[in-house]
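Visitor: Show me how the following folds:
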Amino acid sequence: MGHYHLKAEFGLAVLLFNDSESPFGTRLSYRAASRHVNEIVLTFPLRVYRMVKKLSLALKETMDLVQNRNMYRYSVAVFFFLGMGLCLGQQMDDDPKKAVDIFFEGFHKRDSVLIKSVCSNELILQTIGRSKEGTPRHRTDSFPKFLKNIVSIPKEREIHEKLLDYLVRVDGPMAHVWTPYEFYVDGKFSHCGVNSFQLFHTGKQWEIIYLVDTRRRKDCTKE
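Guide: From the prediction side, this is the model:
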């Protein structure tokens, strides 16, 4: 085949053919080559633009696919943890404070069944106070005896344990409720102190497993 080379004239690339084997012919080779080069030069940016556009679209589709997959995985993870949270929430959505309120509702009504509904059968009861000599002491009572004493209080006698505050702490299935109180009998102040409730969540509800209280007649801030 004939050989050809590129030459720049007035800033325009011109294709010059040196023999008759040119597909444009010997006389028309210069004009035809120039026209051909012009077509290449003029259409090159459009071709590059189309190629870049196709690459951009392909890249965007790839990124969308990756993003969708990641979003799908993220959504699955989010719904999984939300579901776990809802399950746990259904198990422990009740406040341990409610168990304490029900306990005192039963206490004031002398209702042993209501009290037992929020207490473990192995509930431990203790009281901390002072002897007549002023010596600190503590006493442990049985749960059945406690219930018997409550229901045996005459109905005409009014008892009221006024809770002044609730301090609640929860760690998983364990909870602690601290309640300062004032105790009144027939409307008259009797003593004050603090109740310390320890509760356990059975998976269905909070149960009181331990109760210790302090009792004193002095240094009480009556509200």
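Visitor: What segments of this structure are strands?
Guide: Counting by DSSP state E, residue ranges of the strands within the chain are 4-9, 12-17, 119-130, 136-141, 159-163, 167-171, 174-185, 188-201, 206-214.
Visitor: for the second one, what is the average pLDDT?
Guide: In other words, strand 12-17. With pLDDT averaged residue by residue, strand 12-17 scores 40.
Visitor: same check, this time on the first one
Guide: Looking at strand 4-9 alone, the average pLDDT works out to 40.
Visitor: so which of the strands of the chain is the most packed in?
Guide: Mean neighbour counts were taken over these using mean count of other CB atoms under 10 Å, and the top value, a mean of 19, falls to strand 206-214. Every C-beta, even on glycine, is put in place using the N, C-alpha and C of the backbone.
Visitor: coming back round to it: mind putting the strands of the chain in TSV, distance to Thr221 included?
Guide: What follows is the strands of the chain, written out as TSV (distance: least, CB to CB, whole Å):
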stretch	distance to Thr221
strand 4-9	103
strand 12-17	101
strand 119-130	18
strand 136-141	21
strand 159-163	12
strand 167-171	16
strand 174-185	9
strand 188-201	8
strand 206-214	14
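Visitor: Show me which parts of stretch 149-166 are buried, residue by residue.
Guide: When burial is assessed from 16 or more other CB atoms under 10 Å, stretch 149-166 yields the following buried residues: Ile150, Glu161.
Visitor: quick one: which of the strands of the chain is nearest Asp64?
Guide: Ranking the strands of the chain by their distance to Asp64 (criterion: CB to CB) puts strand 12-17 first, at 41.1 Å.
Visitor: so which of the strands of the chain gets nearest Ser56?
Guide: When the strands of the chain are ranked by distance to Ser56, counting by CB to CB, first place goes to strand 12-17 at 29.1 Å.
Visitor: Of the strands of the chain, which is nearest Met51?
Guide: Comparing those by CB to CB, strand 12-17 comes nearest, at 21.1 Å.
Visitor: Leu163 is in contact with Tyr181, isn't it?
Guide: Yes. Assessed by CB atoms under 8 Å, Leu163 is found in contact with Tyr181 at 5.3 Å.
Visitor: Quickly list what's touching both of those two.
Guide: When contacts are counted by CB atoms under 8 Å, 6 or more residues apart in numbering, the set common to Leu163 and Tyr181 consists of Asn195.
Visitor: ok, and the closest non-adjacent residue to Thr221?
Guide: Cys192 (7.9 Å; CB to CB, 6 or more residues apart in numbering).
Visitor: what about the nearest residue to Ala175 once chain neighbours are set aside, neighbour count?
Guide: Nearest residue to Ala175 in three dimensions, chain neighbours excluded: Pro96, at 3.8 Å (CB to CB, 6+ apart). Neighbours of Pro96 under the rule other CB atoms under 10 Å: 26.
Visitor: need the contact list for Pro96.
Guide: Pro96 sits next to Val168, Val170, Ala175, Val177, Phe197, Leu199, His201, Trp206 when contact means CB under 8 Å, 6+ apart.
Visitor: Of the residues you listed, which is the nearest to Ser112?
Guide: The shortest gap between Ser112 and any of those belongs to Phe197, at 17.9 Å (CB to CB).
Visitor: excluding its backbone neighbours, what's nearest that closest one?
Guide: Spatial nearest neighbour of Phe197, chain neighbours left out: Val177 (4.3 Å); criterion: CB to CB, 6+ apart.
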